[in-house]
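Participant: below is the sequence, then the predicted model.
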Amino acid sequence: MASETGKESSAGKIAARLHAVEVQTRSRVEFRDITGQIEHLIAESGIRDGLCAVFTPHTTAAILINENADPALHKDFDNFLRRLAPQGGDYAHNDGNCDAHLKSALIGPSKTLLIQNGRMILGTWQGVFLCEFDGPRRRAVRIKIVPD
Ligand code: ZN
C-alpha cells in the first residue's frame, strides 16, 4: 500500500525528495540564475513527470522566474524595485533593510514548476533566479521534487 505521506515509495515509484542548495551572494542586490542547479537535481531524481517546488526561507530574498538571456534586465528589475521601495526610505521597520523585505514580499519566497519528460517546463527565455535584496549573504534554497 502506498504511504499517505508521499515520503515512501510504493513498488516501482520514485519517492519525492527535498534538497537543500546553498547560494553565497556577492552584492546587496543580485539576481542569481539557479536554473541549472534545479535541472541537475531533477535529472538526478529520475522523475519524468511531476512538480518541483523552489522555496527560500528568508525575508529579504525571493524566487523569480523571468528572462535569463539578457543580464541587463537585472539592472532594470533593480531600478524598478528601487523606485517602489527605495533603500533608506521612511519606514517603520527601522533596521535598515525594510526595502529588502518589501521587494521580497513583492516577488515571493517560492515558485512551483512543472516537470515533463524529465525537464522543467520553461519558456525559451525563462530561467529561475534567487533574488538577493540584502546581501551579500549565504542563502538557503529548498527544492522539493514530487513525482506524479
Ligand atoms: Zn529587517
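Facilitator: Yes, it's here.

Participant: flag every residue of the protein that's near the ion.
Facilitator: When proximity is defined by CB under 5 Å from the ion, the chain lies next to the ion at 95, 97. Backbone N, C-alpha and C define where each C-beta goes, glycine included.

Participant: strands of the chain, start to end?
Facilitator: With DSSP state E as the criterion, the chain has strands at 17-24, 30-33, 50-55, 61-67, 110-116, 119-120, 126-132, 138-147.

Participant: which elements pack onto the longest one?
Facilitator: Other helices and strands packing on strand 138-147, by 3 or more CB pairs under 8 Å, 6 or more residues apart in numbering; DSSP states H and E, are strand 17-24, helix 35-45, strand 50-55, strand 126-132.

Participant: which stretch among these comes nearest Pro86?
Facilitator: strand 126-132 (16.9 Å; CB to CB).

Participant: could you list the low-pLDDT ranges of the chain?
Facilitator: 1-11 (pLDDT under 70).

Participant: output the longest helix belonging to it.
Facilitator: Longest among the helix segments of the chain by residue count, using DSSP state H, is helix 72-84.

Participant: remind me what that helix packs against, helices and strands.
Facilitator: If contacts are counted by 3+ CB pairs under 8 Å, 6+ apart, helix 72-84 sits against strand 30-33, strand 61-67, helix 98-107.

Participant: mind listing what's buried in the second one?
Facilitator: Which is strand 61-67. 61-66 (16 or more other CB atoms under 10 Å).

Participant: wait, what's in contact with the residue nearest the centre of the chain?
Facilitator: By CA atoms, centre = their mean, the chain has its centre lying nearest to Ile63, at 3.4 Å. Going by CB atoms under 8 Å, 6 or more residues apart in numbering, Ile63 touches 54-56, 107-111, 128-131, 141.

Participant: picking that back up, looking at the strands of the chain, which is buried most?
Facilitator: Highest mean neighbour count of those: strand 126-132, a mean of 23 (counted as mean count of other CB atoms under 10 Å).

Participant: give me the residues contacting it.
Facilitator: 23, 25, 27-35, 38, 54, 56, 61-68, 103-104, 107, 111, 113, 120, 122, 139, 141.

Participant: partner strands of that strand and their direction?
Facilitator: Note on strand 126-132: by DSSP bridges, its sheet partners are strand 30-33 (antiparallel), strand 61-67 (antiparallel).

Participant: thank you, goodbye.
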